[in-house]
Each structure stands twice: as structure tokens, then as C-alpha cells.
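Student: next comes the sequence, and after it the predicted model I'd like to discuss.
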Amino acid sequence: MSPEIKEFQVNLPNVEPHKVSYAEWGAGDKLLVCLHGLTMNGRSFDWLAAALAADYRVICPDMPGRGKSEWLKNDKLYNNAYYVEVMKAMIASLGYEQVDWVGTSMGGLMGMILAATTPKLIRKMVLNDIGPYISSDGMRRIATYIRDEVKFPTQENAQQRYREVYEPFKLTEEQIQHMFVIGLRQTADGQWTFNHDPNIGNQFKDENNNPIVMQEFDLWRIWDAIKIPVLVIRGEISDILSREVAARMVQRPSTQLVEFAGYGHVPPLMNEEQIGVVKKFLLDT
């Protein structure tokens, strides 16, 4: 089963119009939105979306500057606040007043903001290895791998890097090959790099193009405003969602925590065990 690739024209006030691509699966009455992490795109959810397509209409957008979506002319719009507005407009255009949500890393932050500020929009939410607090060390690691464009001289070099990154996650060869296709692109000079706009990294630089000092990221106030059922997924050795933060999160009513042994940031939601956990949470009434 393959998704249908569609486009949404974003026309928001004071923003240059641009197109956002999304993969769509299934044709259920309920809508499931799957949002990716900082440097990935919607096709990273192919296995999860295919497993849920019998129960949902599933959309997996590429946020602006990623995958098949257009790059933004104003790179200051590469931020969660703008992405949230894009998603609100997209969901409204599809005719839904309520959705279920799976958010990996950055996609989870967007879900938290939406659940807190638009309380009736999300019915149930899965947060994949992300919470309302990231330490300054975690923020520095994020900034380090996105701040500057990394180029590889050959496609084979880029693919080898991907194999190294995903080796701990026990992906099948089919899944690794899929990540090559969706996660890499060739540059104008013939080299290879990751499939996103390098200007996304500018948010981690000052006006002189120097790295900024990273501070902790704190959304506890947002978290405390969320009233819906939430499933928190954590990789056992994650350096982005600490065990202490996860433990504090599940003190909130109707929040569950599942930890996957041996995984870091982020569990890819591609194997039967991880997909089964998400599916059970979403479909249980």
C-alpha cells in the first residue's frame, strides 16, 4: 500500500504563499495527523500510517522546508509557532474539527502547543520521545546537528552515515533504503546532504552567523494546560526526554508512559511492537 501525495496551499496573513506536501493514507471518518521531527519529513511514518489506514484517514505532512514542501523565503518562520498555524489551517481546509495526533520530537511539541491553546482540536495525542522540558545539553546537541549544512561527496558516503545513525534502531534493509530515498537529496554541486532547507539551522545562530548559547527549553506551563489522554513514548537512552521529565509527565491524569529498551532519540515507530503500542492507545475507547 502506498500513500497519495497531495499539496496544501498555505495562505496566511503577512506570509508569502507556499505549498506544503503531505502523504495521505486511508479514508476513515476520523483524521490522524502524524508530524515528524526537526530534520525529517512525513514519509518517515509510512509503516505506522499503513497500519492505521483501515481505521483513519491519515495525513503525514512535510513541514515547510522539508521533504517535498517548499522552502520558506523568510527563514525566521521556521519555528513551532508558525508550524502550528500551518497545521490549524490545513486541518480546517480538510473539514475536521477534531483529530488524533502522533508527534515525533518537534511534531510532539507542536501537538502540545495545539492541545493547550486549542483544547477541542486534539482528542488523543502520542508524544514520541519529547516532553515539555529539554535541558540545555539536549538543546546544544539539537543545534549542533542542524545549525550547519553537512555535505557528503558521494551518495554512498551519505547512505553510510544514515546506516550508522539508524544502526541501533534495528531497521530492516527495506526500511533503511526507504530512509535513504526520503532523507537525502543531491545538491547543485553534485554532493549529497539531508533533505531539508539548510536555513532551518539559522534559528540557532546570531546575526553574525555565530552559534548562540543554548538555553533549556521549558513548556511546563503548556503541559499543565493539557487535559486530553496522552501516550508518552520514550527511548530508554534518550538524551532529549529524560527519565525524570517522563516520570513527572505521567503524574498528570490520563497520561501513559511506554519506554522501549535500547532506543535513544527517537524510537522510529516502524516495528510491530512500537506500532502496536500506538495503535492500541489510539483505538481503545
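Tutor: Arrived safely, thanks for sending. Residues are numbered from 1 along each chain as shown.
Student: from now on I want contacts and neighbour counts done on CA atoms only, so please keep to that.
Tutor: OK.
Student: all strands of the stretch 51-200 of the chain, in order?
Tutor: According to DSSP state E, counting those that start in this stretch, the stretch 51-200 of the chain carries its strands in the segments 57-61, 99-104, 122-128, 133-134, 184-186, 192-194.
Student: give the pairing partners of the helix or strand following the last one; include direction for each.
Tutor: Read that as strand 192-194. Downstream of strand 192-194, the first helix or strand assigned by DSSP states H and E is strand 217-218. Neighbouring strands of strand 217-218 in its sheet, by DSSP bridges, are strand 133-134 (antiparallel).
Student: any idea of the mean pLDDT in the strand it pairs with?
Tutor: Taken as a whole, strand 133-134 has a mean pLDDT of 92.
Student: what's in contact with that strand?
Tutor: Defining contact as Cα atoms under 8 Å, 6 or more residues apart in numbering, one finds that strand 133-134 is touched by 216, 217, 218, 219, 220, 240, 241, 245.
Student: over to stretch 13-25?
Tutor: Residues outside stretch 13-25 that contact it (Cα under 8 Å, 6+ apart) are 2-11, 42-43, 49-50, 53, 56-64, 67-70, 72-73.
Student: quick check: angle from the one helix or strand residue 234 maps to to strand 99-104?
Tutor: Using DSSP H and E, the element containing residue 234 is strand 230-235. Calculated by axes from the mean of the first three to the mean of the last three Cα atoms, to 10 degrees, strand 230-235 forms an angle of 20 degrees with strand 99-104.
Student: show me what strand 230-235 is packed up against.
Tutor: strand 122-128, strand 255-260 (3 or more Cα pairs under 8 Å, 6 or more residues apart in numbering; DSSP states H and E).
Student: show me what the first one is packed against.
Tutor: In this structure, strand 122-128 packs against strand 99-104, helix 106-117, strand 230-235, helix 272-283, with contacts taken as 3+ Cα pairs under 8 Å, 6+ apart.
Student: go on, the shortest one?
Tutor: Of the remaining helices and strands, those touching strand 255-260 by 3+ Cα pairs under 8 Å, 6+ apart are strand 230-235.
Student: which is the next helix or strand following the strand it packs on?
Tutor: Counting by DSSP H and E, the element after strand 230-235 in chain order, helix or strand, is helix 243-249.
Student: can you mark which positions in that next one are buried?
Tutor: 243, 245, 246, 249 (16 or more other Cα atoms under 10 Å).
Student: next one: that helix to chain centre, how far?
Tutor: 20 Å (Cα atoms, centre = their mean, to the nearest Å).
Student: just so I know, which of the strands of the stretch 51-200 of the chain lies nearest residue 156?
Tutor: The closest of the strands of the stretch 51-200 of the chain to residue 156 is strand 192-194. By Cα to Cα, the value is 9.1 Å.
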